[in-house]
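# Build me a model:
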Amino acid sequence: METNILYYGDNLDILRKHIPDKSIDLIYLDPPFNSKATYNILFKEPTGKPSQAQITAFEDTWHWGDESERAFQKIADTAPANVVEMMTAFRQFIHENDMMAYLTMMCIRLLELKRVLKDTGSIYLHCDPTASHYLKILMDTIFGAESFKNEIVWKRQSAHSDSRGYGSVHDVLLFYVKTNEYVWNKTFQGYDEGYVEQYYRYTDDNGRCFMSGDLGAAGLQGGGYEYEWRGIKRIWRVPLQTMERLEKEGRIFYTKNGIPRIKRYLDEAKGMPAQDVWNDLESLRSWHAERLGYQTQKPESLLERIIQASSKENDVVLDPFCGCGTALVAAHKLNRKWIGIDITHLAISTMKWRLEQMFPSIKYKVIGEPIDLAGAKELANQNKYQFQWWALSLIGARPYGNKKKGADTGIDGYLYFMDEKDKVKRAIVQVKSGGVSVNLTRDLRGVIDREKAEIGIFISLEPPTKPMETEAVSQGFYRSPLGKDYPKMQILTIEELLHSKKPDIPPWLSPVQAPPISKKKEGKEVKML
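Just a heads-up that it's a prediction; the model follows:
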């Protein structure tokens, strides 16, 4: 089985076709919550302000229909009897509504995830209180109630204003294992503030906080070392040589009665063993460097804790709903192998850029993307929006606008660049998968003028016509302050892009995370590709 690989497509199909039985060490899934919300990717402009452009990543609403009915029938025909009975009971209780459609979608995938999980493996299902109680029953049924280890509460924010009801500030992670032979590594989390105040109440001459630990061995199983220290004779936990070393290092604290105790410094403490309430992992905010703009993006620290606890180096981590790829990034940082699956080219292109930015020498594969002109045409025939997102990813352009709703602005994407200090400029990108004519380049000229953009880029599946090329040339050049001229309008074909041709523009900003240009406000420098 190949690893360090991104799959584009429905994870149910990918699991069945590509992932063998008992091949995965750790599964983390953060599927769309059934919360009646439409989640969007909100891209930040290079100025630091939120963009008005929104790209619908997925509509987090499920409806009962033919697809749900077929999936339910598949479960009835192939799943173990107890799973069939539970799903039938759900349907009798919930009926054919959105929640039942959601649970059916999850059930058929969880059955596949159990199949691919090793006997030593673990699975973490990230959800919210909207459906966590139903999913807990479903997981008990599929994996066995005895395989349930923890319901982890992640406090993702300190407060939330809900008009009628208590503020919703937490998510739930359901932690299950395949068998009792599962991998487990003790992890630690930060101490509560009250614990620190109570126990780490001493400060040394260097300002380091510490707590005092017992050096006596009275009642300690296994005995100790009997000798006299500073006039006090008793059984100690450490030998005389160690006591002398601690004294020399300034690590002994003496009480008012002259009793020696060891200094345990806060900055050297691992913390307390991780509990099932995680309130020490902050949700991503606008100022966090790792934030990409995915509304549902999780912090790397959350995934790092899970991966460190439930896998070993070189183990295989699978995320079947990988979105912007945080699980994959965390796995790679911790020397694990990984597999990611997502159903949008928007997510795949985001993950590609993120991986390449963080790990410049990384080697990985993408399966499901077009690799030649025939594949590009097939994608365009299947879904013109997915084709558009894929085409934009070939040049690293940021998608613009919700292409399923609203009027066409004539803008499909942007490339941002900086060729003079603190001044962000734009190249407008249009993508066409159908027939082409000179009218399209004339339309692009109008959009460039309207938006006061420096450059326009036209990406075409079909070869441009001679009049289109003439129209592009007639637009002249954009003269950069760096002293170089760039064609004002550029036409690139998909075939050229597949052969590594790139737009001719000044060095451009990251399409995934265009940082703010105000160094004083944000305290960060603009990174150039």
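# Could you list the low-confidence segments of the protein?
For the chain, residues meeting the criterion pLDDT under 70 lie at 34-61, 163, 286-287, 293-295, 401-408, 509-529.
# how is it carved up into domains?
Domains of the chain are assigned by automatic domain parsing as 5-189+274-367, 193-268, 378-522.
# is it possible to export those domains to TSV including mean neighbour count?
Heads up, the C-betas are built off the backbone N, CA and C, glycines and all. Formatted as TSV, those follow (neighbours: other CB atoms under 10 Å):
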stretch	mean neighbour count
domain 5-189+274-367	18
domain 193-268	13
domain 378-522	18
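# and the next element down the chain from whatever helix or strand residue 93 lives in?
Using DSSP states H and E, residue 93 sits within helix 81-94. The helix or strand immediately downstream of helix 81-94 is helix 98-116, counting by DSSP H and E.
# helices or strands next to that following helix in the packing?
Packing partners of helix 98-116 (3 or more CB pairs under 8 Å, 6 or more residues apart in numbering; DSSP states H and E): helix 11-18, strand 24-29, helix 66-78, helix 81-94, strand 117-127, helix 132-143.
# cutoff 7 Å now
In terms of contacts (3 or more CB pairs under 7 Å, 6 or more residues apart in numbering; DSSP states H and E), helix 98-116 is packed against helix 11-18, helix 66-78, helix 81-94, helix 132-143.
# Put together a markdown table for those, with distance to residue 160 on each row.
Shown next, in a markdown table, are the helices and strands packed on helix 98-116 (distance: least, CB to CB, whole Å):
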| stretch | distance to residue 160 |
| --- | --- |
| helix 11-18 | 30 |
| helix 66-78 | 31 |
| helix 81-94 | 27 |
| helix 132-143 | 17 |
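# Select, out of these, the one closest to residue 459.
Among these, the nearest to residue 459 by CB to CB is helix 11-18 (27.7 Å).
# sorry, back to before: give me the contact list for the helix holding residue 93.
Residues outside helix 81-94 that contact it (CB atoms under 7 Å, 6 or more residues apart in numbering): 72, 75-76, 100, 103, 107, 111, 137, 141-142.
# just to revisit the earlier point, wait, which of the helices and strands packed on helix 98-116 is closest to residue 460?
With respect to residue 460, and counting by CB to CB, the nearest of the helices and strands packed on helix 98-116 is helix 11-18 at 30.3 Å.
# what comes into contact with that closest one?
7, 108-109, 112, 116, 320-321, 341.
# Am I right that residue 337 is in contact with residue 314?
Yes: the pair residue 337 and residue 314 qualifies as a contact (CB atoms under 7 Å) at a distance of 6.4 Å.
# Tell me the one of the contacts of helix 11-18 nearest residue 369?
Using CB to CB, the contacts of helix 11-18 come closest to residue 369 at residue 7, 9.7 Å.
# so what strands line up beside the strand or helix carrying that closest one?
Secondary structure from DSSP H and E places residue 7 in strand 5-8. The pairing partners recorded for strand 5-8 under DSSP bridges are strand 337-342 (parallel), strand 365-367 (parallel).
# residue farthest from the centroid of the chain?
residue 231 (59.4 Å; CA atoms, centre = their mean).
# Contact partners for that one?
Counting by CB under 7 Å, 6+ apart, residue 231 touches no other residue.
# how near is it to residue 260?
The spacing between residue 231 and residue 260, counted by CB to CB, to the nearest Å, is 11 Å.
# Also residue 248?
For residue 248 relative to residue 260 (CB to CB), the value is 13 Å.
# And for residue 191?
Residue 191 sits 24 Å away from residue 260, going by CB to CB.
# Need the contacts of helix 11-18 in TSV (columns: distance to residue 379).
Putting the contacts of helix 11-18 into TSV (distance: CB to CB, whole Å) gives the following:
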residue	distance to residue 379
7	15
108	26
109	24
112	25
116	27
320	21
321	21
341	17
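# Quick check: of these, which lies closest to residue 493?
Closest approach to residue 493 among these (CB to CB): residue 7, at 26.8 Å.
# Tell me the bridge partners for that closest one.
Under the criterion used here (DSSP bridges), residue 7 is bridged to residue 341, residue 367.
# Who are the contact partners of it?
For residue 7, the contacting residues are 14, 18, 341, 367-368, by CB under 7 Å, 6+ apart.
# surely residue 392 meets residue 415?
No: in this structure, residue 392 is not within contact of residue 415 by CB under 7 Å, at 9.3 Å.
# Give me the common contacts of the two.
Overlap of the contact sets of residue 392 and residue 415 (by CB under 7 Å, 6+ apart) consists of residue 429.
# got the contact list for stretch 461-473?
By CB under 7 Å, 6+ apart, stretch 461-473 touches 376-377, 380, 432-433, 435-438, 441-442, 489-491, 493-494.
# Return the distance of the helix or strand hosting residue 307 from the chain's centre.
Using DSSP H and E, residue 307 sits within helix 300-310. Its chain's C-alpha centre and that of helix 300-310 lie 12 Å apart, by CA atoms, centre = their mean, to the nearest Å.
# Next, the angle strand 117-127 makes with that helix.
With axes from the mean of the first three to the mean of the last three CA atoms, to 10 degrees applied, the angle from helix 300-310 to strand 117-127 works out at 150 degrees.
# what packs against helix 300-310?
strand 24-29, helix 326-333.
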